[in-house]
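*Asks:* Here is my input, please return the structure:
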Amino acid sequence: MAGKKSERIAVLLFSPSTLARQMITGLLKRDDNINVIAEVSNRSELVDCLNYHNPEIVIIHNQSQNNSNTLEAVRLINELAGGAKPLVLFEEYDKDFELAALETGVRGYLPESRVKKDLIRSIRTVSSGQMWVRRAVIGEFVQQLFVKLRSGDYLSPSLHYFTKRELDIILLVNKGLRNKDIAKRLFISEKTVKHFLSRIFKKLQIKKRTEIRKYF
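*Replies:* The predicted structure follows:
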């Protein structure tokens with residue numbers, strides 16, 4: 001059953017390629033729960049749309065591996081529309097770029113070869129609060145997050161993914177503490193610990209606490 005208009009996922013598409021915009025928009029219009037609210041081709045148009053519209057997802061088409069411009073667009077989106085979730089489309093998998101994109105604040109990415117098959121699924125996944133990234137890369141990304149956590153660097157854009165409280169709980173789970181002990185250590189209830197663990201499982205795409213340890 002299609003969702004109501006107010007519940008549709010508002011998508012803003014940013015690509016310098018007219019053909020790419022036409023192809024992506026045509027693909028997205030097949031889903032009644034996705035609403036392409038605007039298409040832009042350059043930075044100026046992107047700024048105007050972010051100021052005027054309220055997109056939930058911003059798709060950035062990284063044409064010809066122009067990585068620096070793509071990451072700058074992500075920073076701009078996070079600055080002007082903190083509630084929007086950037087989703088990058090790029091030519092092929094590149095671990096260094098994937099990690100840099102996650103660090104900058106991307107919520108998901110997809111190679112062009114997977115767009116027709118997975119773009120709509122990735123949009124739904126990112127809209128639900130999860131990340132659409134390769135599992136091997138997210139493992140390395142989380143490890144980098146904890147290096148920053150231990151050094152006291154909490155200002156990274158990557159903390160869009162995990163709150164300070166979520167990171168605290170992950171650290172304590174990794175030390176082997178039970179929910180009861182975590183609650184005492186953080187001065188919160190066990191119910192609250194379970195709530196945070198549920199959010200952490202969803203973000204890490206795991207089902208049980210023992211899987212957290214594979215990241216460390």
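
*Asks:* In this structure, where is pLDDT below threshold?
*Replies:* 1-6, 64-65, 148-161, 214-216 (pLDDT under 70).

*Asks:* which strands and helices sit next to the longest helix along it?
*Replies:* Ranked by residue count and defined by DSSP state H, the top helix of the chain is helix 135-151. Counting contacts by 3 or more C-beta pairs under 8 Å, 6 or more residues apart in numbering; DSSP states H and E, helix 135-151 is packed against helix 95-104, helix 164-174. C-beta coordinates here come from the backbone N, C-alpha and C atoms, glycine included.

*Asks:* Pro86 falls within a helix, correct?
*Replies:* No - per DSSP: H, G, I helix; E, B strand; the rest coil, Pro86 lies outside any helix segment and is strand.

*Asks:* which residues sit in contact with it?
*Replies:* Neighbour list for Pro86: Val58, Ile60, Ala73, Val74, Ile77, Asn78, Gly105, Val106, Arg107 [criterion: C-beta atoms under 8 Å, 6 or more residues apart in numbering].

*Asks:* Just the ones of those in helices?
*Replies:* Secondary structure from DSSP H places Ala73, Val74, Ile77, Asn78 of the contacts of Pro86 in helices.

*Asks:* for the second one, what are its contacts?
*Replies:* Right, the one you point to is Val74. With contacts defined as C-beta under 8 Å, 6+ apart, the neighbours of Val74 are Ile60, Pro86, Val88, Ala101, Thr104, Gly105, Val106.

*Asks:* what's the neighbour count on the third one?
*Replies:* Looking back up the chat, that one is Val88. Counted by other C-beta atoms under 10 Å, the residues lying close to Val88 total 27.

*Asks:* That one contacts Asn67, doesn't it?
*Replies:* No - Val88 is not in contact with Asn67 according to C-beta atoms under 8 Å; the separation is 9.7 Å.

*Asks:* pretty sure Glu39 belongs to a helix, no?
*Replies:* No - the assignment for Glu39 by three-state DSSP gives strand, which leaves it out of any helix.

*Asks:* Strands of the chain, residue ranges please.
*Replies:* In the chain, the strands defined using DSSP state E lie at 9-14, 34-40, 57-61, 85-90, 108-111.

*Asks:* which strands and helices sit next to the first one?
*Replies:* For strand 9-14, the contact count by 3+ C-beta pairs under 8 Å, 6+ apart identifies helix 18-28, strand 34-40, helix 43-52, strand 57-61, helix 115-127 as packing neighbours.

*Asks:* now the angle from that strand to strand 34-40?
*Replies:* Here the directions of strand 9-14 and strand 34-40 differ by 20 degrees (axes from the mean of the first three to the mean of the last three C-alpha atoms, to 10 degrees).

*Asks:* Now do strand 9-14 against helix 43-52, angle only.
*Replies:* Going by the same axes, to 10 degrees, strand 9-14 makes 160 degrees with helix 43-52.

*Asks:* same thing with the third one?
*Replies:* Angle, strand 57-61 to helix 43-52, by the same axes, to 10 degrees: 170 degrees.

*Asks:* list the helices and strands strand 57-61 packs on?
*Replies:* For strand 57-61, the packing partners by 3+ C-beta pairs under 8 Å, 6+ apart come out as strand 9-14, helix 18-28, helix 67-80, strand 85-90, helix 115-127.
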